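Q: no sequence on hand, only this structure:
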Ligand code: NAD
Ligand code: UGA
């Protein structure tokens, strides 16, 4: 099928950038990104300086096609009706309640999208799973789509997204691979061909991998699990380095030079954050248990446990080095985003570490170059609510939180500074001068940025 109209359901961190790139690279295809969140759509249609997502290079890509062949809209039904190919890029968070709560992926947004498509579609459509999904979700989607029995043929493809935030545009322009899973039937393979044709506009054929649907769905979970596993592995060694006098950066370098291991994803940190690693591994653990593979489940669960351990270890180090009795002591937190070059703070290690400090009685002064003050406050309040603190307690903790527009004000009046995100600007600060001005300031460096910090992870 020759694709002329694409609809993408979900205008988030994946839907927005991926569709902007498809629109740019395929000027003959009309791409409409829809969302039920009207504010988000307004921002996508608004000033290029204020797109809902901060991502280097994104504004230029959007500027090239927006209003020409790239559209952002809340008219979900209309876009579904007009499209021959529909990408599902809705969120798949960890389930908060019901069977599998705290572990399994919540598929309610996927199911709602599928029901919407089933209700509206009058012509045959190719449905593309862009969201990260448990293996065999396509089966469930097919069931929902075919429940109307109105004679429309749906072909379901799995095309997981591998972009990393902060480098999304770079990753989309030059992907390591594009993975497309389809059924081994005539119509299945035709659908795969249609999607391959779209990507060949800018990705070389040898980087486009076609597989069966289940391999594609599982490859996405497996890729994230393998990446997160490397971080937990190196973070586990950071704890051993601190006990033995070995240096984690020297260790990473030595390990990574073995080309069978490679140097990437070996940077010790305060723990990985982001909306996906934790939720995808929890989902993987849930799936393994579901299939009775308890040993496999426990292996992957350990990756999460080490990540948790790293965050707790860092918080406890601050509290103990400040003398244990920390009432009236103040820590400035530099970095709220879960990594540099994004305004996304979902599951950022900063949230949990800050909460641990607040619970111990510390006051915090926070600065991040990109995350909005309202998001920081919301992140903390949400976690306090999840941990079942009362309204009065939450109000009292929040009185100990101050947010600043620059690092100088954040550091002022602090007993310690904790560096939690690897923003480049933190690397260019004149740390020698800062320490000269505040000689008693203790630096807890969770990203190994400050030379001669009193505490650096894995040193
Ligand atoms: P997101 O929360 O930023 O965006 C999802 C959007 O879908 C939201 O704006 C939401 O309003 C919208 N939505 C939900 N239900 C809808 C419905 N029924 N109709 C219309 N819109 C609806 O999420 P995201 O970060 O873009 O992630 C989306 C998926 O992609 C997830 O499965 C995630 O695991 C996966 N993924 C994310 C990344 C990443 O870097 N964020 C990378 C690879 C894969
Ligand atoms: C990750 C994967 O890298 C993407 O391929 C995947 O598509 C995406 O998840 C997803 O499915 O959402 P992302 O979470 O955006 O991307 O960012 P990463 O660069 O992977 O970083 C994740 C976390 O790990 C960050 O907190 C980062 O600081 C941390 N990290 C990364 C380390 O602590 N050490 C490292 O060596 C690398």
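A: Ah, there it is. Treat the numbers as computed from the prediction; the structure is a model and nothing was measured. Ligands and ions are numbered 1, 2, ... in the order given.

Q: quick one: name the residues of the stretch 51-200 of the chain near ligand 2.
A: 132, 161-165 (C-beta under 6 Å from any ligand atom). All C-beta atoms are positioned from the backbone trio N, CA, C, and that covers glycine.

Q: now, of those residues, which are buried?
A: 132, 161-163, 165 (16 or more other C-beta atoms under 10 Å).

Q: can you pull the residues of the stretch 201-350 of the chain lying near ligand 2?
A: 224, 227, 231, 265-267, 269, 272-274, 276-277, 338-339.

Q: mind running it again at 8 Å?
A: For the stretch 201-350 of the chain, the residues in contact with ligand 2 (C-beta under 8 Å from any ligand atom) are 220, 223-224, 227-228, 230-231, 234-235, 264-277, 280, 338-340, 342, 344, 348-349.

Q: residue 433: neighbour count?
A: When neighbours are defined as other C-beta atoms under 10 Å, residue 433 has 9 of them.

Q: hang on, it is in a helix, isn't it?
A: Yes. Checked against DSSP: H, G, I helix; E, B strand; the rest coil, residue 433 lies within a helix.

Q: next structured bit after the helix or strand of the chain with the lowest mean pLDDT?
A: Within the chain, no helix or strand scores below helix 431-437, which has a mean of 94 by mean pLDDT, DSSP states H and E. Downstream of helix 431-437, the next assigned helix or strand under DSSP states H and E is strand 442-445.

Q: does ligand 2 sit close to the helix or strand following that next one?
A: As assigned by DSSP H and E, the chain's next helix or strand after strand 442-445 is strand 455-456. No. Strand 455-456 lies out of reach of ligand 2 by C-beta under 8 Å from any ligand atom, never closer than 14.0 Å.

Q: quick check on the residues of the stretch 201-350 of the chain next to ligand 2: which are buried?
A: Using 16+ other C-beta under 10 Å as the threshold, 220, 223-224, 227-228, 230-231, 234-235, 265-277, 280, 338-340, 342, 344, 348-349 are the buried ones among those.

Q: helices or strands next to the least confident helix or strand of the chain in the packing?
A: Contact partners of helix 431-437 among helices and strands, from 3 or more C-beta pairs under 8 Å, 6 or more residues apart in numbering; DSSP states H and E: none.

Q: for it, buried residues please.
A: 431, 434-435.

Q: hang on, residue 43 in a strand?
A: No. Under three-state DSSP, residue 43 sits outside any strand and is assigned helix.

Q: any idea how far it is from ligand 2?
A: 20 Å (C-beta to the nearest ligand atom, to the nearest Å).

Q: before we move on, what about residue 88?
A: Taken as C-beta to the nearest ligand atom, the span from residue 88 to ligand 2 is 15 Å.

Q: cool, and residue 320?
A: Residue 320 is 23 Å from ligand 2, by C-beta to the nearest ligand atom.

Q: cool, residue 399 as well?
A: Residue 399 is 29 Å from ligand 2, by C-beta to the nearest ligand atom.

Q: tally up the residues packed near that residue, please.
A: Neighbours of residue 399 (other C-beta under 10 Å): 10.

Q: ditto for residue 317
A: Residues near residue 317, counting by other C-beta under 10 Å: 16.

Q: residue 193 too?
A: 13.

Q: roughly how far does whichever residue of the stretch 151-300 of the chain sits closest to ligand 1 sit from residue 307?
A: Nearest residue of the stretch 151-300 of the chain to ligand 1 (C-beta to the nearest ligand atom) works out as residue 161 at 4.0 Å. Distance of residue 161 to residue 307, given as C-beta to C-beta, to the nearest Å: 22 Å.

Q: now residue 225
A: 12 Å.

Q: the more surrounded of those two?
A: Higher neighbour count among residue 225 and residue 307: residue 307, with 25 against 18, using other C-beta under 10 Å.

Q: that one contacts residue 270, correct?
A: No. Assessed by C-beta atoms under 8 Å, residue 307 is found out of contact with residue 270, at 9.5 Å.

Q: can you say which helix or strand has residue 81 in it?
A: Going by DSSP H and E, residue 81 is part of helix 76-82.

Q: now that helix: buried residues?
A: 76, 79-81.

Q: and the nearest residue to residue 190 once chain neighbours are set aside, how far is that from residue 126?
A: Taking C-beta to C-beta, 6 or more residues apart in numbering, and ignoring the residues beside it in sequence, residue 190 has residue 1 as its nearest neighbour in space, at 6.7 Å. From residue 1 across to residue 126, the span is 7 Å (C-beta to C-beta).

Q: identify the contacts common to those two.
A: 84-85, 191, 194 (C-beta atoms under 8 Å, 6 or more residues apart in numbering).

Q: helices - which of the residues you listed land there?
A: Counting by DSSP state H, the part of those found in helices is 191, 194.

Q: distance of the residue in the chain that ligand 1 sits nearest to from residue 330?
A: Nearest residue of the chain to ligand 1: residue 12, at 1.9 Å (C-beta to the nearest ligand atom). Between residue 12 and residue 330 the distance is 36 Å, computed by C-beta to C-beta.

Q: tell me which element the residue of the stretch 1-150 of the chain found nearest ligand 2 is part of?
A: Nearest to ligand 2 in the stretch 1-150 of the chain, going by C-beta to the nearest ligand atom, is residue 132, at a distance of 5.6 Å. Secondary structure from DSSP H and E places residue 132 outside every helix and strand.

Q: can you check residue 351 too?
A: Residue 351 belongs to helix 349-359 when assigned by DSSP H and E.

Q: what do you get for residue 296?
A: Short version, using DSSP H and E: residue 296 is in helix 294-321.

Q: now the angle from the following helix or strand past that helix to helix 349-359?
A: Next along the chain after helix 294-321, taking DSSP H and E as the criterion, comes strand 330-334. Orientation note: strand 330-334 sits at an angle of 170 degrees relative to helix 349-359 (axes from the mean of the first three to the mean of the last three C-alpha atoms, to 10 degrees).

Q: direction included, what does strand 330-334 pair against?
A: Here strand 330-334 is paired, per DSSP bridges, with strand 363-367 (parallel), strand 416-419 (parallel).

Q: ranking the shared contacts of residue 1 and residue 126 by neighbours, who comes first?
A: Most surrounded of the shared contacts of residue 1 and residue 126: other C-beta under 10 Å gives residue 191, at 26 neighbours.

Q: okay, now the unreliable bits of the chain?
A: Residues of the chain meeting the criterion pLDDT under 70: none.

Q: name the single longest helix found in it.
A: Under DSSP H, the chain gives helix 213-244 as its longest helix.

Q: what is the following helix or strand past it packed up against?
A: Using DSSP H and E, the helix or strand that follows helix 213-244 towards the C-terminus is helix 248-256. The helices and strands touching helix 248-256, judged by 3+ C-beta pairs under 8 Å, 6+ apart, are helix 213-244.

Q: kindly calculate the angle that the helix it packs on makes with helix 248-256.
A: 130 degrees.

Q: against which helices or strands is helix 213-244 packed?
A: So helix 213-244, by 3+ C-beta pairs under 8 Å, 6+ apart, packs with helix 137-146, strand 154-158, strand 178-181, helix 248-256, helix 277-290, helix 294-321.

Q: fine, thanks again, bye for now.
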